[in-house]
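**Q** would you be able to build a 3D model of this:
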Amino acid sequence: EESEKQRKRAEREHYSPKDTELLTARWRSYSVVGRLPHSSVGRRSVSLADLRSELAMIELAASEGRNPPIALYNDALHRCLRAALDGMGMPAVEHALQVLQLMQVAGVAANHNTFRFILDACLAVGTSDKPTKDRQALRWGLTIVENMCDLHVLPPLVTVNQLLKSFLLEDQNPDTAFERALGVVEGMLAAGLEPDLYTYNALVSGCSLHEASAIPNALRVLELMRLSHVEPDLVTYNALIHACAKSAAFTGSAAVEQAERVLALMHASGRFKPNIISYNAVMQTCGRAALAPAETSADWIDKMLAVKERMQADRVVPDVRSYTTLIVGISKGLARIAEEGRACRRSEYSTKMVSHGGVGYGSLVDAWTLAALGLYVEMKQRNVQPNVFTYNALIAVCAKAAVRRRGRDWNALALRILRDMEGAKLQATDSTFVGLMEVCSASTGRRECRSAGMGTALWLLDKCYAAGLEPTPVVHTMLFNTARRERTLEAVLGAQEVFNALPKKRRRNKHLYSSLMSAYSAVGRWQEVVELMERARADGVSPDRIMYSVCMEATGHDKESVLRLHREMLADGIEDTPETQRLIQRVESYQFSSLRRRSVRGDRDRARTDLTSTAAQEA
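**A** Below you'll find the model as predicted:
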């Protein structure tokens with residue numbers, strides 16, 4: 001039947017029967033198995049030479065005045081799609097566009113399969129997991145969709161939705177990508193073509209990629225849905241809340257209010273009940289709002305914990321993502337209020353931070369740390385297996401608590417969390433060892449933290465290497481701080497060995513030099529501090545204010561050395577600070593008072609000698 005159709009079509013179009021038989025044979029050779037583009041069973045891969053020969057045959061037929069049928073063009077486009085799926089890359093898309101250009105020159109009207117093959121080829125190249133992946137193919141695919149809209153040809157919506165979603169995810173400029181995708185949808189509406197719900201959901205999901213303008217873009221899409229009389233579904237509402245979560249770090253309370261409004265709208269609609277994805281997104285919005293510049297972190301961490309209680313009241317069972325979102329939010333909130341506390345202590349009018357309702361910083365640390373540990377216990381009771389992010393966030397909570405709260409062995413707790421992580425057969429990451437080193441450094445030197453010290457820090461460093469990870473500069477900095485807090489020469493010499501074992505390129509870090517110099521200064525080895533200062537200059541590390549302060553502190557017994565370092569600091573363009581000014585004043589007063597004490601001591605010794613000689617004479 002296919003041969004008879006080809007013969008009749010060739011007679012109508014003055015196409016030679018010989019070429020028709022050849023076309024029919026070639027079509028049957030691979031179209032039976034190759035009709036499904038994603039199937040690779042029973043067919044050979046298409047080479048670039050095959051595409052060129054196919055294109056040359058079409059050009060030859062057109063140059064001889066024979067108008068090839070639409071089946072021949074679609075056959076060539078199908079081969080381009082197969083080549084794109086096989087990993088050829090942009091050459092397959094370029095050949096497909098050349099075939100489309102030949103069709104336009106020959107006046108052959110494209111059908112639904114023509115555009116489907118081209119768009120599928122663009123999608124395959126733009127989303128490939130092979131080295132031939134190219135985002136430009138997605139842009140070309142959207143251009144073809146726009147041309148179809150100008151011709152009032154309905155594009156295949158399934159392919160268009162995949163193109164829009166992939167384009168929004170892959171493009172490196174989210175703002176321009178969203179405007180381009182929204183323009184494609186508006187062009188479809190202008191041409192009288194109705195996008196479906198999945199098209200709008202792809203747009204709303206793409207809004208969350210740009211954090212600053214996520215909410216305004218999502219509201220624009222929602223207004224477009226209202227004008228098109230398309231009712232949002234549960235996926236649309238969840239995507240809106242995710243857009244609020246992405247924008248919360250910039251907009252703060254506005255993002256939380258918008259997320260709560262969407263949640264209330266879902267309850268009021270009566271058709272959709274918020275699910276676990278909805279509540280997780282709201283909790284993430286509250287956690288990120290705690291990081292907004294103009295917001296108070298304590299308000300939104302408490303709000304995040306309240307959302308979890310409301311979720312359980314609605315009989316929605318928390319999953320691992322819920323617990324991880326809560327613990328990560330608590331760890332970031334602790335880091336934020338620590339920064340607020342340092343800012344308050346630096347101010348002239350306050351030495352203690354009061355952050356929320358008259359509650360001090362220490363009380364907040366206690367409450368949130370207990371909340372995070374309680375969530376971890378609740379996960380074990382509910383048989384919810386934590387993931388790597390959960391364990392890393394728990395260790396980060398212990399690190400923040402160890403810095404400010406005494407009376408508990410936080411290092412032992414962090415090591416126990418590490419053992420639980422290894423028992424779950426999860427691979428530790430860089431963040432894991434950074435948190436463990438921070439806990440070890442903050443706990444060293446305390447009577448209640450007997451498990452912390454230089455030995456534990458070196459053991460963690462060995463485990464980091466054994467896990468196949470390259471320790472970050474933060475890990476080494478925390479190790480040197482551990483040696484400083486231990487205040488023993490053996491610990492400092494161990495830190496020096498670790499520093500010497502580092503490659504020269506990795507040693508070029510001012511934080512490493514500053515922490516090691518502080519360790520030597522803590523044990524009174526001021527000669528090594530000066531040598532490290534010179535070694536830093538030799539390695540190409542420009543000393544900063546901290547390095548100068550440490551060196552001046554270590555050499556405080558010599559007034560001339562301190563003043564010389566102070567002059568060098570000013571010559572390097574480093575501004576004087578109140579700390580360095582107080583250091584200079586202290587050195588000058590120390591030199592004066594030491595001379596005065598020495599003279600007073602000499603007078604007292606001479607008086608004691610005179611009394612002794614007088615008593616001896618009397619005896």
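
**Q** please make it C-alpha for all contacts and neighbour counts, starting now.
**A** Noted.

**Q** how close does the spatially closest residue to Gly524 that is not a sequence neighbour get to Ala522?
**A** With sequence-adjacent residues excluded and distances taken as C-alpha to C-alpha, 6 or more residues apart in numbering, Gly524 is closest to Ala554, at 7.1 Å. With the distance defined as C-alpha to C-alpha, to the nearest Å, Ala554 ends up 8 Å from Ala522.

**Q** before we move on, what about Leu394?
**A** With C-alpha to C-alpha as the criterion, Leu394 and Ala522 are 31 Å apart.

**Q** ok, those two, which is more surrounded?
**A** Regarding Leu394 and Ala522, a neighbour count based on other C-alpha atoms under 10 Å identifies Leu394 as having more, with 26 against 21.

**Q** helix or strand: which one has the more buried one?
**A** According to DSSP states H and E, Leu394 maps onto helix 388-404.

**Q** pLDDT on that helix, on average?
**A** For helix 388-404, mean pLDDT rounds to 88.

**Q** run through who's touching that helix.
**A** Contacting residues not belonging to helix 388-404 are listed as 323-324, 327-328, 330-331, 334-335, 362, 365-366, 369, 372-373, 410-411, 413-414, 417-418, 421, 426-428, 431-432, 435-436, 438-439, 442-443 [C-alpha atoms under 8 Å, 6 or more residues apart in numbering].

**Q** do the same with stretch 489-497
**A** Contacts for stretch 489-497 (C-alpha under 8 Å, 6+ apart): 454, 479-480, 483-484, 516, 519-520, 523.

**Q** how about it: buried residues?
**A** 489, 491-492, 494-496 (16 or more other C-alpha atoms under 10 Å).

**Q** and what of stretch 530-539?
**A** 530, 532-533, 536.

**Q** need the helix or strand of this protein with the lowest average pLDDT.
**A** helix 17-34 (a mean of 37; mean pLDDT, DSSP states H and E).

**Q** now the helix or strand that comes right after that one - C-alpha only, PDB.
**A** Sequence-wise, the next helix or strand beyond helix 17-34 is helix 48-63, with elements assigned using DSSP H and E. This file holds the C-alpha atoms of helix 48-63, laid out as PDB (Å, rounded to 0.1, in the frame of the first residue of the first chain):
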ATOM      1  CA  LEU A  48      27.300  13.100   9.300                       C
ATOM      2  CA  ALA A  49      28.000  11.600   5.800                       C
ATOM      3  CA  ASP A  50      24.500  10.100   5.800                       C
ATOM      4  CA  LEU A  51      23.000  13.500   6.500                       C
ATOM      5  CA  ARG A  52      25.100  15.200   3.800                       C
ATOM      6  CA  SER A  53      24.100  12.600   1.200                       C
ATOM      7  CA  GLU A  54      20.500  12.900   2.100                       C
ATOM      8  CA  LEU A  55      20.700  16.700   1.800                       C
ATOM      9  CA  ALA A  56      22.500  16.400  -1.500                       C
ATOM     10  CA  MET A  57      19.900  14.100  -2.900                       C
ATOM     11  CA  ILE A  58      17.100  16.500  -2.000                       C
ATOM     12  CA  GLU A  59      19.000  19.400  -3.600                       C
ATOM     13  CA  LEU A  60      19.600  17.400  -6.700                       C
ATOM     14  CA  ALA A  61      16.000  16.600  -7.100                       C
ATOM     15  CA  ALA A  62      15.000  20.200  -6.600                       C
ATOM     16  CA  SER A  63      17.600  21.500  -9.100                       C
END
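
**Q** for helix 48-63, packing partners?
**A** helix 70-85, helix 90-106 (3 or more C-alpha pairs under 8 Å, 6 or more residues apart in numbering; DSSP states H and E).

**Q** sorry, back to before: could the buried residues of stretch 530-539 go into a markdown table alongside secondary structure?
**A** Formatted as a markdown table, the buried residues of stretch 530-539 follow (DSSP: H, G, I helix; E, B strand; the rest coil):
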| residue | secondary structure |
| --- | --- |
| Val530 | helix |
| Leu532 | helix |
| Met533 | helix |
| Ala536 | helix |
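
**Q** pLDDT below threshold where in the stretch 151-300 of the chain?
**A** 171-172, 174-175, 209-212, 293-298 (pLDDT under 70).

**Q** the same query, at a cut-off of 80, please.
**A** 151-157, 169-177, 191-193, 206-214, 249-253, 269-272, 290-300 (pLDDT under 80).

**Q** quick one: the helices in it?
**A** Secondary structure of the stretch 151-300 of the chain (DSSP state H, counting those that start in this stretch): helices located at 157-170, 174-190, 197-207, 214-227, 234-251, 253-269, 276-289, 297-313.

**Q** and the contacts of the third one?
**A** Going back to what we said before, that points to helix 197-207. Identification of contacts with helix 197-207 by C-alpha under 8 Å, 6+ apart yields 157, 160-161, 164-165, 168-169, 178, 181-182, 213-215, 217-218, 221, 225, 230-232, 235-236, 239-240, 242-243.

**Q** 7 Å instead, please
**A** 161, 164-165, 168-169, 214, 217-218, 221, 230, 235-236, 239-240, 243 (C-alpha atoms under 7 Å, 6 or more residues apart in numbering).

**Q** now swap in the last one and tell me
**A** With contact meaning C-alpha under 7 Å, 6+ apart, helix 297-313 is reached by 279, 283, 286-287, 289-291, 329-330, 333, 336-337, 356.

**Q** reformat the residues you listed as JSON lines; add distance to Ala402 and neighbour count.
**A** What follows is the contacts of helix 297-313, written out as JSON lines (distance: C-alpha to C-alpha, whole Å; neighbours: other C-alpha atoms under 10 Å):
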{"residue": "Tyr279", "distance to Ala402": "31", "neighbour count": "24"}
{"residue": "Met283", "distance to Ala402": "26", "neighbour count": "28"}
{"residue": "Cys286", "distance to Ala402": "25", "neighbour count": "32"}
{"residue": "Gly287", "distance to Ala402": "22", "neighbour count": "32"}
{"residue": "Ala289", "distance to Ala402": "25", "neighbour count": "33"}
{"residue": "Ala290", "distance to Ala402": "21", "neighbour count": "30"}
{"residue": "Leu291", "distance to Ala402": "21", "neighbour count": "23"}
{"residue": "Gly329", "distance to Ala402": "18", "neighbour count": "29"}
{"residue": "Ile330", "distance to Ala402": "15", "neighbour count": "30"}
{"residue": "Gly333", "distance to Ala402": "15", "neighbour count": "27"}
{"residue": "Arg336", "distance to Ala402": "15", "neighbour count": "18"}
{"residue": "Ile337", "distance to Ala402": "14", "neighbour count": "22"}
{"residue": "His356", "distance to Ala402": "21", "neighbour count": "13"}
